[in-house]
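[1] take a look and give me a structure for this.
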Amino acid sequence: MNTELLEALNILEKEKNISKEALLEAIEQSLLQACKNNFGKADNVKVNINHETCDFNVFAEKEVVEEVLDPVLQISLADAKMKDTKFEIGDIVNVEIKSKEFGRIATQNAKNVILQKIREEERKVLYNQYYEKEHDLVTGIVQRYVGNNVSINLGKVDALLTENEQVKGESFRPTERIKLYVLEVKDTPKGPKILVSRTHPELVKRLFEAEVAEVRDGTVEIKSIAREAGSRTKIAVWSNDTDVDAVGACVGMNGARVGAVVDELRGEKIDIINWDENPALLIENALSPAKVISVMADPDEKAAKVIVPDYQLSLAIGKEGQNARLAARLTGFKIDIKSETQAREAGDFDEYYEEEEYTEEAYPEEYEDTYEEISSTDEEIPSEE
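    Predicted coordinates for the structure are as follows:
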């Protein structure tokens with residue numbers, strides 16, 4: 001048993017997570033390369049390695065001939081008979097090659113082949129390890145600033161947080177631990193290149209998955225996310241279990257769960273709303289915390305007209321239009337927000353009431369004459385407020 005080689009391979013397999021099979025393959029290739037360097041060719045050279053004991057032997061297959069013209073490929077009958085008297089002209093003889101007798105250059109080249117294989121396998125292992133984390137959440141330690149970019153250590157490899165993927169105004173200290181979203185993992189000759197982000201909307205989703213068990217197990221789904229990194233995020237959630245409140249699960253007791261996410265995002269405001277298949281209700285929820293009088297949504301045009309009380313207009317639009325902008329991204333609808341006064345002046349209120357249907361449930365038969373009289377007048381129908 002080749003104890004030293006076996007021990008060395010076990011250490012490499014444990015420390016670098018490189019399979020013993022790959023290392024033995026590298027040794028085999030290095031021995032073939034050494035033979036080629038030593039003899040000028042290695043087409044007839046075979047390497048046998050016992051994967052259990054790591055014992056190996058190298059031999060050349062030589063043809064038995066009367067007159068040797070190429071000593072690398074041929075052996076004389078007399079020499080063959082010395083190995084075994086049964087050999088005849090035309091037979092193939094396995095002649096053992098003593099690898100210890102190789103010259104310095106051949107040995108150095110064999111060593112380089114093994115080292116190259118180890119580097120390739122190590123790079124492949126790292127790439128596969130982090131490729132599995134693509135589009136997922138990772139924790140890294142801030143190393144240093146490289147220009148405007150930040151180098152983040154993820155353990156066995158460094159990731160790059162580019163300026164475009166940083167939250168405006170956010171700064172980091174060396175050795176600080178931060179959570180990041182893995183955008184892309186590229187395989188390069190120098191090892192895996194990992195691009196991470198602090199601005200991607202999926203970062204918020206992954207943080208909620210980490211904090212909220214119901215989101216992690218699929219009981220609560222995050223249907224849509226709209227984010228302006230560093231300022232505000234809106235998420236729409238839906239519960240697949242009628243006994244579970246989707247918003248409550250994400251907020252947590254005394255706001256503990258959403259608070260943990262807000263802390264990781266350094267104070268970014270997060271609005272959590274209920275998802276609804278009805279576009280009008282979804283848009284109304286998305287404009288929270290503003291109160292809404294009416295929503296007229298056109299699913300085909302992906303457009304909606306929203307009427308809010310006069311005193312709620314600025315809240316519905318938000319600072320620099322942020323609330324309305326995030327609601328539009330969250331729902332996928334182009335949203336036109338008007339105050340109650342603006343809607344009356346534009347005639348949108350009339351359009352709203354024309355679309356209302358008088359049902360027997362809402363208007364019993366005994367009042368039929370009354371609403372015939374109302375509909376025949378030119379008076380404006382009063383608002384629900």
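
[2] now that Val215 has come up, it's in contact with Cys250, right?
    Yes: counting by CB atoms under 8 Å, Val215 touches Cys250, with 7.0 Å between them. In this view, the C-beta of every residue, glycine as well, is placed from N, C-alpha and C.

[3] next, show the common contact partners of the two.
    Common neighbours of Val215 and Cys250 (criterion: CB atoms under 8 Å, 6 or more residues apart in numbering): Phe208, Val237.

[4] could you list the buried residues of stretch 160-176?
    Leu161, Glu165, Gln166, Val167, Phe172 (16 or more other CB atoms under 10 Å).

[5] just give me the closest of those residues to Glu345.
    Lowest distance from Glu345 to these (CB to CB) belongs to Val167, with 41.1 Å.

[6] for the closest residue to the closest one other than its chain neighbours, report the pLDDT, please.
    Residue nearest to Val167 in three dimensions, not counting chain neighbours: Gly230, with 4.0 Å by CB to CB, 6 or more residues apart in numbering. Looking at Gly230, its pLDDT stands at 93.

[7] list the contacts for Gly230?
    Gly230 makes contact with Val167, Lys168, Gly169, Glu170, Thr199, Leu265, Arg266, Glu268, according to CB under 8 Å, 6+ apart.

[8] and Thr139, backbone torsions?
    phi -110, psi 130 (degrees, to the nearest 10).

[9] from Thr175, how far out is it?
    Plainly put, Thr139 is 13 Å away from Thr175 if you go by CB to CB, to the nearest Å.

[10] mind telling me what element the residue nearest to Val167 is part of?
    Following DSSP states H and E, there is no helix or strand that holds Gly230.

[11] and for the closest residue to Pro309 other than its chain neighbours, the neighbour number?
    Using CB to CB, 6+ apart and skipping the chain neighbours, the partner closest in space to Pro309 is Glu340 (5.6 Å). The tally of other residues near Glu340 (other CB atoms under 10 Å) stands at 20.

[12] which SSE is Glu184 in?
    For Glu184, the host element (DSSP H and E) is strand 177-188.

[13] name the surrounding residues that touch that strand.
    For strand 177-188, using CB under 8 Å, 6+ apart, the contacting residues are 123, 127, 130-131, 133-142, 152, 159, 161, 165, 172, 192-198, 200, 202-203, 206-207, 264.

[14] where does the protein dip in pLDDT?
    1-2, 99-101, 103, 105-106, 348-385 (pLDDT under 70).

[15] which helix runs longest in it?
    Determined from DSSP state H, the single longest helix within the chain is helix 104-131.

[16] counting neighbours, which bits of that one end up buried?
    Buried residues in helix 104-131 (16+ other CB under 10 Å): 106-107, 109-110, 113-114, 117-118, 121-123, 125-127, 129-130.

[17] closest to Val95 among the residues you listed?
    Using CB to CB, the buried residues of helix 104-131 come closest to Val95 at Ala106, 17.5 Å.
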